[in-house]
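Participant: model this:
(one chain, ligands or ions: 2)
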Amino acid sequence: MPQAGPTSRLPARKDGRIIIHFDYDCFYASVFEAENPALKSLPLAVQQKQIIVTCNYEARRRGLYKLQLVKDAKLACPDVVIVLGEDLTRFRNASKALYTFLSRFSWNNKAERLGFDEVWMDVTDIVDYNIQLVNKNDLSHSFFNLSKDDPTIGFPFDASLVAGHVIPDTDDGLRHTVNAHDNLSLRLCIGSHLALYLRHALEEEQGYTSTVGISTSKLLSKLIGNVNKPKGQTTLLPPYGLKVDHDNNNNNVTAFLDPHEIGKIPNIGFKQAQKLREFVLGRPAKFHAGLIYGKTQESVTVRDVRLHPDMAPALLDKVLGGPGTPHGVGTRIWELVNGVDDTEVHQAKRVPSQISIEDSYIRLDTFEEATKELHMLSMSLIKRMHLDLLEDEDGADQHNAPVEQTGQTPPRRWLALPRTLRLSTRPRAAPAPDWTRSRAFNRISRSAPVPGFLFNLDESDEALADKLVHDAWLPLFRKIHPEKSGWNLSLVNVAVTNMTDTASDDKNASGRDIGKMFKMQDQILREWRVEDVSTTSNVAPTSPNHLAFVDGPHGVENECVHESSPNVLEGHNWEEDEDSAPVPGSTCETCGLTVPSFAMSAHRRYHLMGD
Ligand code: TTP
Ligand code: MG
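Facilitator: Ligands and ions are numbered 1, 2, ... in the order given. Below you'll find the predicted structure:
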């Protein structure tokens, strides 16, 4: 393997793509606001268990923040409007509807969702098509084509100026003028206008504001978007540079990444970040101590790692290696700290690979209670199966089905049939003599074939749930817990997996016919103003991954919790893993955050959100 020390060249970065990253602002709160716009002007907070999982910017302006205890939120803002967000159905549906909306603009169907409120779009093909159409001698009077088939569908735009914010910032605060002869510059500029158009379309047509980043990879588009929150968009300007240098003269990528704390780089997991901090500091890195709101005292930056003497993939392999370490981890981290991320924006999946529903319990130790809970979980599972796996005979999936208009459910068909049922439980360990509990909880799972009656659309959900509990879940439950009592469960999860696609025709593109969409929506083409809507000035700037102190309940020692989307798995390449259940009251194994026990169940549900 070639040694790539601080002065050598990186393997050629593939800057051929243009990728847009969307992060919906205050997502759960926005879902309630979209249902009831009167809430927009009020301080609004969404509660799960006893914590505020998110709040709108009016509430943030008044001192509220994510993962705050409800009692503290009420103290800080007595007139806060609190809504319950335990039932995730409305968030899931809103997320899917927004995703469907955005993916209709995609030509290559490369639109990927992360959790409920983030989407990447690889718009390289649209940008490349449009770059051929602009007149380089008259960039100001360009027309953006949203369809290859119909040249009237699109919008006029000024391709000489980047839309929205840029990094590095322009000195005079004016919009950045594009160098028409620099291909990457022009492509990013075209991408920024598409991003602006989509952002406004999301706001005008769906009622959601978003924060958007434009660059050439998933890593950079996600990170650059965070710079102007909320309701903002940011483009990382060239030169992107290839040479690893100390002064970043000719490399806006490393100049942007360098000041980030190493743990804030997506796909560098919590344990990896700790090992890197320890390596750079030459001593064990403190984590629990010294964390204050918005920054960590133990700050080891990307630059510290990138320019550490002898830094190279092989050294990183040594630092991060160990049993279970994925092959090539050193190269991967070396690339990340240099801003190289060639991971693909995955094509939209038509159906999820599994549907999994669970709840956690303080005490669940009787057979009767377990049966009741299995019934409730089954009801949710059946509803989710109907939403995610059914489509109307005419091809509309259930999220967009206009049921209200006719008052009748149109004939439906299954898009995919799951073949396996899986029941998992997590028994709580008995307390030790000193009343401490072991944290080594493990899930126990049993599987069985899906019974055919589950696909019967003539039966009520209630009747199906009843049958499912008695014919399937209880026999599996007895296999896991043969004793009628003597166990105490902290979690029960029911899932259908092993999907078989039943779609006979090729409908992978989930409604990509943009011409049809425009006809349907009576879209009036309008010239979007290119100035960004100004961000709320008195909101504290939010850096990518804030770490926050919150008071533990009942005088429990303070612990740190993450303030922003921690939905990235160590070594998993942006993938979400529904089964990586973190242990309550400890480090979240999915994202590595230390989450206090009172916030853990809400936090865990957050990771379960994706398909
Ligand atoms: P975020 O993107 O972290 O937050 P947000 O969209 O509410 O706010 P921002 O404008 O700062 O992006 O998370 C998305 C949603 O996930 C959020 O609305 C609530 C939910 N959530 C949880 O349920 N538990 C958690 O631990 C976190 C961090 C979020
Ligand atoms: Mg968000």
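Participant: Residue 41 versus residue 61, what's the distance?
Facilitator: Relative to residue 41, residue 61 is positioned 12 Å away (CB to CB, to the nearest Å). Any C-beta I mention is one placed from the backbone N, CA and C, and that applies to glycine too.
Participant: between these two, which one's more packed in?
Facilitator: Set side by side, residue 61 and residue 41 give different neighbour counts by other CB atoms under 10 Å, the larger being at residue 61 (16 against 10).
Participant: ok, now how distant is the more buried one from residue 80?
Facilitator: Here residue 61 is placed at a distance of 12 Å from residue 80 (CB to CB).
Participant: joint contacts of these two?
Facilitator: Between them, residue 61 and residue 80 have residue 43 as joint contacts when contacts are counted by CB atoms under 8 Å, 6 or more residues apart in numbering.
Participant: Residue 303: how many residues sit nearby?
Facilitator: Burial of residue 303 is recorded as 18 neighbouring residues (other CB under 10 Å).
Participant: And the pLDDT at residue 500?
Facilitator: Reported pLDDT at residue 500 in the predicted model: 88.
Participant: Can you tell me the SS state at it?
Facilitator: With DSSP: H, G, I helix; E, B strand; the rest coil as the basis, residue 500 sits in strand.
Participant: Skipping adjacent residues, who's closest to it in space?
Facilitator: Nearest residue to residue 500, sequence neighbours excluded (CB to CB, 6 or more residues apart in numbering): residue 417, at 5.2 Å.
Participant: Which strand or helix spans that neighbour?
Facilitator: Mapping residue 417 onto the secondary structure by DSSP states H and E places it in strand 416-427.
Participant: after that strand, next one along is what?
Facilitator: In the C-terminal direction from strand 416-427 (assignment by DSSP H and E), the next one is strand 444-449.
Participant: and the closest residue to residue 448 other than its chain neighbours, what is it in contact with?
Facilitator: The spatial neighbour of residue 448 that comes closest, neighbours along the chain excluded (CB to CB, 6+ apart), is residue 421 at 5.1 Å. By CB under 8 Å, 6+ apart, the contact list for residue 421 reads 447-451, 472-473, 476, 494-496.
Participant: if we go to 10 Å?
Facilitator: Residue 421 makes contacts with 381, 446-451, 454, 468, 472-473, 476, 494-498, as judged by CB atoms under 10 Å, 6 or more residues apart in numbering.
Participant: and these, which are buried?
Facilitator: With burial judged by 16 or more other CB atoms under 10 Å, the buried subset of the contacts of residue 421 is 381, 446, 450, 454, 468, 472-473, 476, 494-498.
Participant: Just after the strand or helix carrying residue 126, pick out the following helix or strand.
Facilitator: For residue 126, the enclosing helix or strand under DSSP H and E is helix 124-133. Towards the C-terminus, the helix or strand next in line after helix 124-133, according to DSSP H and E, is strand 142-145.
Participant: Which neighbouring elements make contact with the helix or strand following that next one?
Facilitator: For strand 142-145, the succeeding helix or strand toward the C-terminus, using DSSP H and E, is strand 154-157. Strand 154-157 is packed against helix 124-133, strand 142-145, helix 183-201, with contacts defined by 3 or more CB pairs under 10 Å, 6 or more residues apart in numbering; DSSP states H and E.
Participant: Skipping its backbone neighbours, what lies nearest residue 145 in space?
Facilitator: Nearest residue to residue 145 in three dimensions, chain neighbours excluded: residue 154, at 4.5 Å (CB to CB, 6+ apart).
Participant: so how many other residues sit close to that neighbour?
Facilitator: With other CB under 10 Å as criterion, residue 154 counts 20.
Participant: Can you report how many residues lie near residue 466?
Facilitator: For residue 466, using other CB under 10 Å, the count is 15.
Participant: what residues are up against it?
Facilitator: Contacts here follow CB under 10 Å, 6+ apart; on that basis residue 466 touches 375, 378-379, 459-460.
Participant: so it sits in a strand?
Facilitator: No. Membership of residue 466 in a strand is not supported by three-state DSSP, which gives helix.
Participant: what about residue 417, distance to residue 390?
Facilitator: From residue 417 over to residue 390 (counting by CB to CB), the distance is 11 Å.
Participant: again with residue 317
Facilitator: Distance, residue 317 to residue 390, by CB to CB: 47 Å.
Participant: Would you point out the helix or strand in this structure whose mean pLDDT is lowest?
Facilitator: Across the helices and strands of the chain, mean confidence by mean pLDDT, DSSP states H and E is lowest for strand 547-550: a mean of 21.
Participant: So which residues on this protein come close to ligand 2?
Facilitator: The chain has residues 23, 27, 117 near ligand 2, with proximity defined as CB under 5 Å from the ion.
Participant: go with 6 Å
Facilitator: Remark: the part of the chain in contact with ligand 2 comprises 23-24, 27, 117, using CB under 6 Å from the ion.
Participant: Restricted to helices, list these.
Facilitator: Using DSSP state H, residue 27 are the members of these that sit in helices.
Participant: Show me the two of the residues of the chain next to ligand 2 that sit farthest apart.
Facilitator: In those, the most distant members under the criterion CB to CB are 23 and 27, with 8.3 Å between them.
Participant: ok, for the residue of the stretch 101-250 of the chain found nearest ligand 2, nearest residue in space, not its chain neighbours?
Facilitator: Per CB to the ion, residue 117 is where the stretch 101-250 of the chain lies closest to ligand 2, at 4.3 Å. Counting by CB to CB, 6+ apart, residue 27 is the residue found nearest to residue 117 once chain neighbours are left out, at 3.8 Å.
Participant: so the one you found touches residue 55, yeah?
Facilitator: No. Contact criterion CB atoms under 10 Å: residue 27 and residue 55 do not qualify, at 11.2 Å.
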